[in-house]
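Engineer: here is a sequence together with a model predicted from it:
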Amino acid sequence: MRIAVCDDNINDRIDLEYHIKYIMKERKFEGSVQSFQSGEKLLTAISHDNFSVYFLDIYMSGVSGIQAAYEIRQKRPDACIIFTTTSPDHMAEGFDVGAVHYILKPVTKEAVEQTFDRVLRQINEYERYITLQIGRISNNLLLSEIIAVESKDKNCLITTTKKVHKVYIRMDELEDILSDDRYLRCHRSYLINMDYAMGVVDGNFKLINGMIIPIKRDRRLELKQQFHDYCFEKLRKEMKT
């Protein structure tokens, strides 16, 4: 497990890194921790390097934690992002980029322990998959990597974080196979993974990867409400665990 800590306050950065290393040693996690004093330095590093977990301070001068998180999501959709902050004011915006958790400063060992529990749950969730016949080969597709699906005649184009797969299957059948709360059938020909949705713009879903997905016109208010309910329920569950 490779972990990045980004905070422009040296004392907060040192405290957080200490707690993380202590808990990793206590739980016998294999991995490393690398610290960055600014969002700019972190983004420079991930242009040629990857981390699986990111602890980001929201209120940094220059590139903020929220801005850095959007850049990270483009490169690592599966990364675990945790925000550290002195205020919960930006929580809703943070969960738009799929944050695993928020830690309020001053950071405590107990808060970091809870965060590790959530990170492990997300990693386990990330490993769930479905098996589909793609061409002549049976393939496993991770549920967490499926961004959107488009129906084309008797085929479905499945956009994942890695590539687009053309699968001989009808949308209704695929929707039944997926059978997961994170997926929303927003149009007769489209289905999205709401974890990748940034919001609704001009009557369409805008996804993190830039895709614009239409929403069925006569169900627009209902589907928009379903998306908002999903986001708030996800936030509520995270806050309770």
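Structural biologist: Arrived safely, thanks for sending.
Engineer: give me the neighbour count for Q74.
Structural biologist: 12 (other Cβ atoms under 10 Å). For the C-beta atoms, the positions are set from N, CA and C on the backbone; glycine is no exception.
Engineer: do the one 5 residues further on as well
Structural biologist: The burial metric for A79, expressed as a neighbour count using other Cβ under 10 Å, is 21.
Engineer: close enough to count as contact, it and Y70?
Structural biologist: No - using Cβ atoms under 8 Å, A79 makes no contact with Y70, being 11.9 Å away.
Engineer: neighbours around the closest residue in space to V200 that isn't next to it in sequence, how many?
Structural biologist: Spatial nearest neighbour of V200, chain neighbours left out: K224 (5.3 Å); criterion: Cβ to Cβ, 6 or more residues apart in numbering. Burial of K224 is recorded as 16 neighbouring residues (other Cβ under 10 Å).
Engineer: so where does K224 fall, helix or strand?
Structural biologist: Element membership for K224, per DSSP states H and E: helix 220-240.
Engineer: for that helix, list the C-alpha coordinates in PDB.
Structural biologist: Presented in PDB, the C-alpha positions along helix 220-240 are these (Å, rounded to 0.1, in the frame of the first residue of the first chain):
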ATOM      1  CA  ARG A 220     -35.500  14.000 -15.500                       C
ATOM      2  CA  LEU A 221     -36.600  15.300 -12.000                       C
ATOM      3  CA  GLU A 222     -37.100  11.800 -10.700                       C
ATOM      4  CA  LEU A 223     -33.700  10.500 -11.900                       C
ATOM      5  CA  LYS A 224     -31.900  13.700 -10.700                       C
ATOM      6  CA  GLN A 225     -33.500  13.100  -7.300                       C
ATOM      7  CA  GLN A 226     -32.300   9.500  -7.300                       C
ATOM      8  CA  PHE A 227     -28.800  10.600  -7.900                       C
ATOM      9  CA  HIS A 228     -29.000  13.200  -5.100                       C
ATOM     10  CA  ASP A 229     -30.500  10.600  -2.800                       C
ATOM     11  CA  TYR A 230     -27.700   8.100  -3.600                       C
ATOM     12  CA  CYS A 231     -25.000  10.800  -2.900                       C
ATOM     13  CA  PHE A 232     -26.600  11.700   0.500                       C
ATOM     14  CA  GLU A 233     -27.100   8.100   1.500                       C
ATOM     15  CA  LYS A 234     -23.500   7.300   0.600                       C
ATOM     16  CA  LEU A 235     -22.400  10.300   2.700                       C
ATOM     17  CA  ARG A 236     -24.700   9.300   5.600                       C
ATOM     18  CA  LYS A 237     -23.200   5.700   5.600                       C
ATOM     19  CA  GLU A 238     -19.700   7.000   5.600                       C
ATOM     20  CA  MET A 239     -20.400   9.400   8.500                       C
ATOM     21  CA  LYS A 240     -21.900   6.600  10.600                       C
END
